[in-house]
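1. After the sequence you'll find the predicted model.
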Amino acid sequence: MSTNSPGSSTIARLTGRAGEPAQQALLLLRTVFTVAPIAFGLDKFFNVMVDWPIYLAPWINDIAPGSGQDFMYFVGATEILAGVIVALKPRYGAYIVAGWLAGIVLNLLTHSGYYDIALRDFGLMLAALTLARLASVYDPPLRLGRH
């Protein structure tokens, strides 16, 4: 796409470098890891897409306070927060999402019958780590207390 084509100025504003594939990949991954955790986190409160507590390994359900659905409220709030952090600061938020996905993979691997979903979430974890690496180049670190 040339820089004079329709829409290129929008891409340039969004990415800073309209023709740079790595910057475009960052934008794509940042969008996905903002929208998906927020959407799935919200659904933990309403169970529209799926009855989320069925994915909770029994050993986690046994040690978590309250019911499986009560734990899903915590999960949902955490996912929403992770999505917001990715939107604001992907350099750090991507590692939070990757860690969260690692926990989900561990949960699913210890809950018989969900190995296919564990594999999918492992791939998502790798994509979140890819976002973190891209963000380490394109998203400047926080400079707290420095002038």
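-> Looks like it came in fine.
2. Low-confidence bits of this protein, can you list those?
-> The model of the chain has pLDDT under 70 over residues 1-19, 146-147.
3. Longest helix of it, counting residues only.
-> Scanning the chain for the helix with the most residues, using DSSP state H, yields helix 21-46.
4. Counting by contacts, list what the following helix or strand past that one packs against.
-> For helix 21-46, the succeeding helix or strand toward the C-terminus, using DSSP states H and E, is helix 58-63. Where contact means 3 or more C-beta pairs under 8 Å, 6 or more residues apart in numbering; DSSP states H and E, helix 58-63 is packed against helix 68-88. Just so you know, the C-beta spots here come from the backbone N, C-alpha and C atoms, and that holds for glycine as well.
5. Next, name the residue at the spatial heart of the protein.
-> Against the mean C-alpha coordinate of the chain, by C-alpha atoms, centre = their mean, the closest residue is Phe33 at 3.6 Å.
6. Spatially nearest residue to that residue (excluding sequence neighbours)?
-> Once flanking residues are discounted, Phe33 sits nearest to Val86: 4.7 Å by C-beta to C-beta, 6 or more residues apart in numbering.
7. How about Ala64?
-> Nearest one to Ala64, counting by C-beta to C-beta, 6+ apart, is Phe71 at 4.3 Å.
8. neighbours around the one you found, how many?
-> Summarising burial for Phe71: neighbours were counted as other C-beta atoms under 10 Å, giving 19.
9. Now do the contacts for the residue nearest to Phe33.
-> Each residue near Val86 by C-beta atoms under 8 Å, 6 or more residues apart in numbering is listed here: 30, 33-34, 37, 93-94, 96-97, 131.
10. Tell me the one of those residues nearest Asp121?
-> Comparing these against Asp121 with C-beta to C-beta places Val97 closest, at 10.9 Å.
11. What strand or helix carries the closest one?
-> Assigned by DSSP H and E, Val97 falls in helix 90-109.
12. How about Thr130?
-> Going by DSSP H and E, Thr130 is in helix 115-138.
13. which helices and strands does the helix holding Val97 pack with?
-> Contacts defined by 3+ C-beta pairs under 8 Å, 6+ apart place helix 90-109 against helix 21-46, helix 68-88, helix 115-138.
14. Out of those, which is closest to Tyr55?
-> The nearest among these, by C-beta to C-beta, is helix 115-138 at 7.4 Å.
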